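K.L.:
Model the structure of this input:
(chains A and B)
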Amino acid sequence: MKLRTLTLGLLSASALAFAAHAESITIATVNNGDMVRMQKLTDDFTKANPDIQLNWVTLEENVLRERVTTDIATKGGQYDVMTIGTYEVPIWAKQSWLLPLDKLGDDYDAKDIIPAIAGGLSVDGKLYAAPFYGESSFVMYRKDLMEKAGLKMPDAPTWDFIKQAADKMTDRASGVNGVCLRGKAGWGENMAFLTAMSNSFGARWFDENWKPQFDQPEWKKTLQFYVDLMKADGPEGASSNGFNENLALFQQGKCGMWIDATVAASFVSDPKNSTVADKVGYALAPDNGLGKRGNWLWAWSLAIPAGTQKADAAEKFVSWATSKHYAELVASKEGWANVPPGTRSSLYANPEYQKAAPFAKMTLDSINAADPTHPTVKPVPYVGVQFVAIPEFQGLGTTVGQLFSAALAGQSSVDDALKQAQDAATAAMTEGGYIK
Amino acid sequence: MARAVTTQHKTIATVAAWIVALLIFFPILYTIITSFKSEQEAIQGFNLIPSGTFESYAEVQAQSGYFKFFLNSVLLSVGSTILALLVAIPAAWSMAFSPTKRTKDILMWMLSTKMMPAVAVLFPIYLIFRNLGLLDSRIGLMVMLMLINLPIVVWMLYTYFREIPGEILEAARMDGASLWNEIIYVLTPMAVPGIASTMLLNIILAWNEAFWTIRLTTTDAAPLTAFISSFSSPQGLFWAKLSAASTLAIAPILIMGWFSQKQLVRGLTFGAVK
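P.N.:
Down below sits the predicted model:
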């Protein structure tokens, strides 16, 4: 009896000692398909690293952004790994809020990360976040409707072609809108699209001296073209449509074309959810012959806050989740089509991936066509294709987004919206000390 | 004739009451309906008849453990309510039976704190929690929920206590009851209906609180509000899953509210007609 008690005691003590030794790291993330899939596959990581436990916190995108900012600014230390985008990385890295990722392991092959994506996540040549999935934007279109309209989509269309095709494809009686574009206000919603679009029209948010440029003819051309196109060929109530609303419309066969994130390709071509899965074609985002296309660049990435006490364990996890090995793991469990796209060049060279994802080449071409360090036709003092990587942009971008959304809804004219945007941007820049 | 008019008035009042009740309840009803739709159906526009699929519930359950969040919600709402009553009963007693010139001002000041936007104090509170090691702790959140609901609890109890004749307490004192005996054995039993309805209301408020419970927790203390918020997706359809998560989160409090509605209404209207 005594022996049994002693054995049990020793076993419990060793179990407790193991539990005390095991380090737990907390990962903050958003709820999208790739992230949810990663949570399901973490056994592979914990088997190889039994001394590291993973805790997940999944939050709505804006709440995540706010929570992570609060935590990082106050050095709260609640998170050891956080999911952030290309907007935050350069700003936070400059503030020394993030740890540089220099211990990702010998077999990590950081050079395999697509250069455009790596550039957006690096400051002074150091990588501050590892991309989990990357995206650009491109045109998704209905091949059958295009054929019916007697047109052929070029690989690299112009805005004039988009307008012409949208006019011909629109058939309101059958519920088909020529084009579906984002209209919902928000710096990451309509302004992501409109800022990228404005680059191809030669517009820019600020000149080299941070003077707002909404009073320039390029912005007027951009916004007027967008509003006219949407009024003639867009869906009803477009000013409340974001990514998800347009996705649903396209999947239901109500859009001839949709210009949005490349990641949407896997949704619209999925026969389980899309009624038009076998009729979708892809093309680069449109341009105006000025040397810049209307496509953006974004990567949801894993970063380690400077306040963490568990940097080594956190970096091990980041390395695992963004490695080639992880891509192979997803492929073996759920097929190549479900591998997180847009981060590694080797994925696009893989014939199996090319076979499983017909949109692979166009996705890579789109990502490569975006340059966050030189996003516009004229020079700018900022980094970012569909955003301006300064802390003031979140608030200002959303304010301008609301003004442009109102112009789309017909609540104000294009001129009024641009004038108010100029005033709002001037006030924000003056307050931020960028201009006097 | 007079009777006919009265009946007519009653009918109009009943119909109006039903319309108002339906309007108030409709968002909850539509959430429940949406939870039985597929993601495609959910985003297709207004439709009151779902296909009756349970796929969202299955996915929600598979994606994150409901019961851990549920348990935290129960502990936080009940715990914060008990804490609030422990502070509010003596406070309301002193204001009801020994008022001073400034009692009304204090009550108004307490209530005015509810008018301040919570986000205005997010950083100071976050720093205090961080420095005290209370981030993601149930105890810390219980205290926070107690503090934000305290003004309402004190106000409600004050209103009930004012209805109790002071002479009864005086009589107890004459009989030699100490202060605590007076509160515990005389005042509290007489105010049981009021305390009960205050408790119920506070549990509901704490259960539904979504600002602090999301911002001060990560994993260990996260309640059902955090569970719901995790289903909103930046890229991908989520309305049906979000509705299923919301339905699962509100079901316990809805059922509790249904069974205790008489008590709640009685408590809330107590003293209103006097």
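
K.L.:
In contact with the closest residue to chain B within the stretch 101-250 of chain A, which residues?
P.N.:
Residue of the stretch 101-250 of chain A nearest chain B, by Cβ to the nearest Cβ: residue A:248 (4.2 Å). For every residue, glycine as well, the C-beta is placed using N, CA and C. Applying Cβ atoms under 8 Å, 6 or more residues apart in numbering or on different chains to residue A:248 gives the contacts B:40, B:43, B:44, B:237.

K.L.:
one more time with 6 Å, if that's ok
P.N.:
Residues in contact with residue A:248 (Cβ atoms under 6 Å, 6 or more residues apart in numbering or on different chains) are residue B:43.

K.L.:
swap in the one 3 residues further on?
P.N.:
With contact taken as Cβ under 6 Å, 6+ apart, residue A:251 is in contact with A:273, A:274.

K.L.:
switch to 8 Å and redo it
P.N.:
A:267, A:268, A:273, A:274, A:275, A:276, B:40.

K.L.:
right, and the first one touches residue A:247 too?
P.N.:
What that stands for is residue A:267. Yes - using Cβ atoms under 8 Å, residue A:267 is in contact with residue A:247, at 5.8 Å.

K.L.:
The two: which has the busier surroundings?
P.N.:
Comparing residue A:267 with residue A:247 by other Cβ atoms under 10 Å in any protein chain shown, the one with more neighbours is residue A:247, at 26 against 23.

K.L.:
picking that back up, what sits in contact with each of residue A:267 and residue A:247?
P.N.:
With contacts taken as Cβ under 8 Å, 6+ apart, the residues that reach both residue A:267 and residue A:247 are residue B:236.

K.L.:
follow-up on the earlier one: of the contacts of residue A:251, just say which sits nearest to residue A:184.
P.N.:
Top of the list for closeness to residue A:184, among the contacts of residue A:251 and by Cβ to Cβ, is residue A:267 at 17.8 Å.

K.L.:
what's downstream of the host helix or strand of that closest one, the next helix or strand?
P.N.:
Counting by DSSP states H and E, the element that carries residue A:267 is helix A:265-268. Remark: after helix A:265-268, the chain's next helix or strand is strand A:280-284, criterion DSSP H and E.

K.L.:
which residue ranges form the helices in the stretch 51-200 of chain B?
P.N.:
With helices called from DSSP state H, counting those that start in this stretch, the stretch 51-200 of chain B shows them at B:55-63, B:66-97, B:103-112, B:122-131, B:138-163, B:166-174, B:179-181, B:188-190, B:192-208.

K.L.:
tell me the angle of the second one relative to helix B:192-208?
P.N.:
Okay, so that is helix B:66-97. Per axes from the mean of the first three to the mean of the last three Cα atoms, to 10 degrees, the angle that helix B:66-97 makes with helix B:192-208 is 140 degrees.

K.L.:
From the chain's centroid, how far away is helix B:66-97?
P.N.:
With Cα atoms, centre = their mean, to the nearest Å as the basis, helix B:66-97 stands 10 Å off its chain's centre.

K.L.:
Quick one: check that helix for contact with chain A.
P.N.:
No - applying Cβ under 8 Å from any Cβ of the partner chain, one finds helix B:66-97 separated from chain A by no less than 11.3 Å.

K.L.:
can you pull the buried residues of that helix?
P.N.:
B:66, B:69-70, B:72-73, B:75-81, B:83-85, B:88-89, B:91-93, B:95-97 (16 or more other Cβ atoms under 10 Å in any protein chain shown).

K.L.:
again with the third one
P.N.:
Residues of helix B:103-112 classed as buried: B:107, B:110 (neighbour count, 16+ other Cβ under 10 Å).

K.L.:
now that helix: mean pLDDT?
P.N.:
Here helix B:103-112 scores 91 as its mean pLDDT.

K.L.:
Kindly report the same for the fifth one.
P.N.:
Taken as a whole, helix B:138-163 has a mean pLDDT of 93.

K.L.:
Next, the angle helix B:66-97 makes with it.
P.N.:
40 degrees.

K.L.:
If you compare the directions of helix B:138-163 and helix B:166-174, what angle comes out?
P.N.:
Note on geometry: by the same axes, to 10 degrees, helix B:138-163 and helix B:166-174 are set 110 degrees apart in direction.

K.L.:
Is helix B:138-163 in proximity to chain A?
P.N.:
No - judged by Cβ under 8 Å from any Cβ, helix B:138-163 stays clear of chain A, getting no closer than 12.5 Å.

K.L.:
centre of the chain versus that helix, how much separation?
P.N.:
Distance of helix B:138-163 from the chain centroid (Cα atoms, centre = their mean) equals 11 Å.

K.L.:
now swap in stretch B:110-122 and tell me
P.N.:
17 Å.

K.L.:
tell me the phi and psi of the residue lying closest to residue A:254 once chain neighbours are set aside?
P.N.:
Spatial nearest neighbour of residue A:254, chain neighbours left out: residue A:175 (5.5 Å); criterion: Cβ to Cβ, 6 or more residues apart in numbering or on different chains. Phi and psi for residue A:175, reported as degrees, to the nearest 10, are phi 80, psi 20.

K.L.:
so residue B:231, which of the three states?
P.N.:
Following DSSP: H, G, I helix; E, B strand; the rest coil, residue B:231 is assigned to coil.

K.L.:
Run a quick neighbour tally on it.
P.N.:
With other Cβ under 10 Å as criterion, residue B:231 counts 23.

K.L.:
just to revisit the earlier point, out of the helices of the stretch 51-200 of chain B, which is closest to residue A:70?
P.N.:
helix B:122-131 (5.7 Å).

K.L.:
Only alpha carbons, please: show the closest one as PDB.
P.N.:
Output of helix B:122-131 as PDB, limited to C-alpha atoms (Å, rounded to 0.1, in the frame of the first residue of the first chain):
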ATOM      1  CA  LEU B 122      -9.300  51.500 -21.700                       C
ATOM      2  CA  PHE B 123      -5.600  52.300 -21.400                       C
ATOM      3  CA  PRO B 124      -5.500  53.300 -17.700                       C
ATOM      4  CA  ILE B 125      -7.600  50.200 -16.800                       C
ATOM      5  CA  TYR B 126      -5.400  48.000 -19.000                       C
ATOM      6  CA  LEU B 127      -2.300  49.300 -17.300                       C
ATOM      7  CA  ILE B 128      -3.700  48.800 -13.800                       C
ATOM      8  CA  PHE B 129      -4.700  45.200 -14.700                       C
ATOM      9  CA  ARG B 130      -1.200  44.600 -16.200                       C
ATOM     10  CA  ASN B 131       0.600  46.000 -13.200                       C
END
